[in-house]
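Asker: Need the 3D shape of this:
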Amino acid sequence: MLELDMALRRQLIANAHHLNPVVIIGKEGLAENVIKELDRCLLKHELIKIKILEGDREQRTILLEQICLSLNAVPIKQIGKILIIYRINPDKKNTLVTALNTPKANSNLKPKSRLTQKAKRTSMKK
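Answerer: Numbers count the residues shown, from 1 in each chain. Have a look, this model is predicted:
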């Protein structure tokens, strides 16, 4: 399995925040068709959410490990019944990794404190 550094993992978690689950696994569990659909979704999106309806925490963790091993994916996070997994698509250029390596344009600007902003507003009123 692919190992990710913490910065990339945090970025993937942030990117997955707005995503909806693409596959819902029910009481039938991890069938062959579910694996094929997960593979298709990973090829298209690289980062996906999966919802598991049945089982306790241990069963969901085991299911996450099975999915990642069978699809050569990386488990990003497990939040209750939601699993987030990631797999690099070799056909696409990985823009996420390059975005993390390039510095941001305004990274050296510090946010102004509230006191500074309040003083500026009061001086403008006079």
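Asker: Name the helix or strand of the protein that has the lowest mean pLDDT.
Answerer: Least confident helix or strand of the chain, by mean pLDDT, DSSP states H and E, is helix 95-101 with a mean of 50.
Asker: The closest residue to L53 other than its chain neighbours: neighbouring residues, count only.
Answerer: Nearest residue to L53 in three dimensions, chain neighbours excluded: G26, at 5.1 Å (Cβ to Cβ, 6 or more residues apart in numbering). The C-beta positions use only the backbone N, C-alpha and C, and glycine is treated the same way. Using other Cβ atoms under 10 Å, G26 is surrounded by 11 other residues.
Asker: for I24, same thing?
Answerer: Using other Cβ under 10 Å as the criterion, I24 is surrounded by 12 other residues.
Asker: quick one: secondary structure of it?
Answerer: State at I24, reduced to three classes by DSSP: H, G, I helix; E, B strand; the rest coil: strand.
Asker: Distance-wise, check it relative to R9.
Answerer: Distance of I24 to R9, computed by Cβ to Cβ, to the nearest Å: 24 Å.
Asker: Ok, I84 next?
Answerer: Remark: distance between I84 and R9 (Cβ to Cβ) = 10 Å.
Asker: Report the rounded mean pLDDT for stretch 81-88.
Answerer: Across stretch 81-88, pLDDT averages out at 95.
Asker: Could you pull out the strands in the chain for me?
Answerer: Remark: strands assigned in the chain by DSSP state E are 21-25, 47-52, 74-79, 82-86.
Asker: ranking those strands by burial, who's on top?
Answerer: Neighbour counts (mean count of other Cβ atoms under 10 Å) averaged over each of the strands of the chain peak at strand 82-86, with a mean of 22.
Asker: Between strand 74-79 and it, find me the angle.
Answerer: Per axes from the mean of the first three to the mean of the last three Cα atoms, to 10 degrees, the angle that strand 82-86 makes with strand 74-79 is 160 degrees.
Asker: roughly how far out does strand 82-86 sit from the chain middle?
Answerer: Put simply, strand 82-86 sits 7 Å off its chain's centre (Cα atoms, centre = their mean, to the nearest Å).
Asker: contact partners of that strand?
Answerer: Residues outside strand 82-86 that contact it (Cβ atoms under 8 Å, 6 or more residues apart in numbering): 4, 12-13, 16, 21, 38, 42, 46-52, 60, 63-64, 67-68, 71, 73-78.
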